[in-house]
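Q: Provided below for reference: sequence and predicted model.
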Amino acid sequence: MTAPLVLIVDDEPAMRAFLTALLTAHELQVVSASSCREADLQATTRAPELVLLDLGLPDGDGIAWVRRFRAWSTAPVVVLSAREREHDKVEALDAGADDYLTKPFGAGELMARVRVALRHRAASPTAPEPVFRVGDLEVDRARRELRIDGALVPLTQTEWKLLELFTRHAGRVLTHAQILREVWGPAHLRQTHYVRVHVHALRRKIERDANEPRHLVTETGVGYRLRDEP
């Protein structure tokens, strides 16, 4: 099988060189760009299966590039940026990015995010696996059942909608706005307390300790992520 192609978009030569060496060491193909214009050219001609994107580019803003790219491609985008403000993370994710990693980061953490993104790319959007399993957690979408260590756990309708959403996007960060839009509808985008209350209720059922969650983790100021690895 042909190795997945990753597009690196970063204006720093040293960062492009580091990422290229890391990805090729893990048997991935790599192309790179140092500007929005070059990224447009590489994306349209090479059709990458994953994009690693810096937001601060010399000829435009990376968030605007994500919006343009997302209008025609479903390839996952992982943002790699020195911007640490929660607002920037939320804006990038709401624009269509799949994940956000703040510089500096470790090689191991980056490759974990890359593996998650590529798994999502490989999965069929029309036929997701009916059963999601990780650790002691098992979610059967077809039967609408949750089991912990094999024991059936009842859920409310809202808890199930939340859990089903998280399992469909396991490994990805979901912002408060994305969760509200999917579960409660666009009329409730300001009701962030809905998410906090119902996520806590869901954690009490899927976590051994709701105050120290292992499965459904908080991305501070941004949203939540359901881990797809133990």
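A: Sure, I can see it.
Q: which parts of the protein are helices?
A: Using DSSP state H, the helices of the chain run over 13-25, 36-46, 62-70, 86-95, 107-122, 157-168, 176-183, 192-206.
Q: what's in contact with the third one?
A: What that stands for is helix 62-70. Applying Cβ atoms under 8 Å, 6 or more residues apart in numbering, the contact partners of helix 62-70 are 9, 36, 39-40, 43, 51, 53-57, 75, 77, 79, 81, 88, 91-92, 95-97. No exception for glycine: its C-beta is placed from N, CA and C like everyone else's.
Q: repeat the analysis, applying 7 Å as the threshold.
A: 36, 39, 43, 53-56, 77, 79, 91-92, 95-97 (Cβ atoms under 7 Å, 6 or more residues apart in numbering).
Q: tell me, what residue is most central in the chain?
A: By Cα atoms, centre = their mean, the chain has its centre lying nearest to Arg172, at 2.6 Å.
Q: contact partners for that residue?
A: Arg172 neighbours (Cβ under 7 Å, 6+ apart): Asp98, Asp99, His120, Arg225.
Q: by neighbour count, which of these wins?
A: Neighbour counts for the contacts of Arg172, by other Cβ atoms under 10 Å, peak at Asp98, which reaches 25 neighbours.
Q: ok, for it, nearest residue in space, not its chain neighbours?
A: Closest residue in space to Asp98, ignoring its immediate chain neighbours: Pro76 at 4.2 Å, by Cβ to Cβ, 6 or more residues apart in numbering.
Q: how much space separates that neighbour from Tyr100?
A: Counting by Cβ to Cβ, to the nearest Å, the gap from Pro76 to Tyr100 is 12 Å.
Q: residues near Glu219, how many?
A: Residues lying near Glu219 (other Cβ under 10 Å) number 18.
Q: for the most far-flung residue of the chain relative to its centre, name its beta-bridge partners.
A: Here the chain reaches farthest from its C-alpha mean at Ala151, the gap being 29.0 Å by Cα atoms, centre = their mean. According to DSSP bridges, the partner residues bridging Ala151 are Ile148.
Q: tell me how far it lies from Arg68.
A: 47 Å.
Q: next: Ala142.
A: On the measure of Cβ to Cβ, Ala142 and Arg68 end up 37 Å apart.
Q: who has more neighbours, these two?
A: Neighbour totals were compared for Ala142 and Arg68, and Arg68 leads with 16 against 7 (other Cβ under 10 Å).
Q: can you give me the domain boundaries for this protein?
A: Domain assignment for the chain by automatic domain parsing gives 5-122, 131-226.
Q: how about those in a markdown table, adding mean pLDDT?
A: What follows is the domains of the chain, written out as a markdown table (pLDDT from 0 to 100):
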| stretch | mean pLDDT |
| --- | --- |
| domain 5-122 | 92 |
| domain 131-226 | 91 |
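Q: next, give me the two most distant ones among the contacts of helix 62-70.
A: Ala43 and Glu91 (20.4 Å; Cβ to Cβ).
Q: tell me which of those two has more neighbours.
A: Between Ala43 and Glu91, Ala43 has the larger neighbour count (other Cβ under 10 Å), namely 21 against 18.
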